[in-house]
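Undergrad: next come a sequence and a model predicted from it.
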Amino acid sequence: MTASLFAAEEGVGSKAIVLLHGFGGCHDVWREVISALTPSTHTLAYDLPGHGLSLDFPAAGPARVAAKAVLADLSERRLKRVHLVGHSMGGAVAALMALAEPEKIASLTLLAPGGLGPEINGPLL
């Protein structure tokens with residue numbers, strides 16, 4: 001919905017699961033996860049700004065930009081609460097989303113999240 005931010009949407013359930021990939025990835029990394037879920041599971045697998053089909057997103061790069069973009073898109077879709085799943089940089093994006101608008105987050109699942117240790121390239125995120 002948000003111009004130049006792509007999300008692959010599947011299922012029609014009342015609960016939405018938002019899937020956020022890591023740096024250099026795209027929505028397609030979640031293909032097997034989505035196929036293992038029931039058709040009544042509503043999923044949104046995003047291409048974060050600067051990745052996949054969201055390459056042209058303005059000011060792409062930092063996790064904070066991605067968090068704001070996904071939150072704006074969820075608002076446009078009128079999704080009140082979502083379950084977030086983030087891997088690597090997607091984990092950093094998910095954590096920032098939960099900090100920015102905790103009332104919109106039903107649950108937070110972080111898989112090897114980025115941005116939580118000194119070994120992470122902070123300026124890149």
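TA: Thanks, I have it.

Undergrad: contacts, neighbours, all on C-alpha from now
TA: Will do.

Undergrad: next, count neighbours for Pro39.
TA: When neighbours are counted by other C-alpha atoms under 10 Å, Pro39 registers 13.

Undergrad: so who does Phe57 touch?
TA: By C-alpha atoms under 8 Å, 6 or more residues apart in numbering, Phe57 lies in contact with 3-5, 49-50.

Undergrad: got a winner among these for most neighbours?
TA: Comparing these on neighbour count, Pro49 comes out first with 26 neighbours (neighbours: other C-alpha under 10 Å).

Undergrad: what's that residue sitting at in phi/psi?
TA: phi -50, psi 130 (degrees, to the nearest 10).

Undergrad: ok, it to Lys68 distance?
TA: Distance, Pro49 to Lys68, using C-alpha to C-alpha, to the nearest Å: 10 Å.

Undergrad: okay, Val12: pLDDT?
TA: At Val12, the model reports a pLDDT of 87.

Undergrad: show me what the residue sitting nearest the centre point of the chain bridges to in the sheet.
TA: Central residue of the chain (C-alpha atoms, centre = their mean): Leu20, 3.2 Å from the mean position. Beta-bridge pairing of Leu20 under DSSP bridges involves Tyr46, Gly86.

Undergrad: mind listing what it touches?
TA: Residues near Leu20 by C-alpha under 8 Å, 6+ apart: 27, 45-48, 84-87, 90-91, 93-94.
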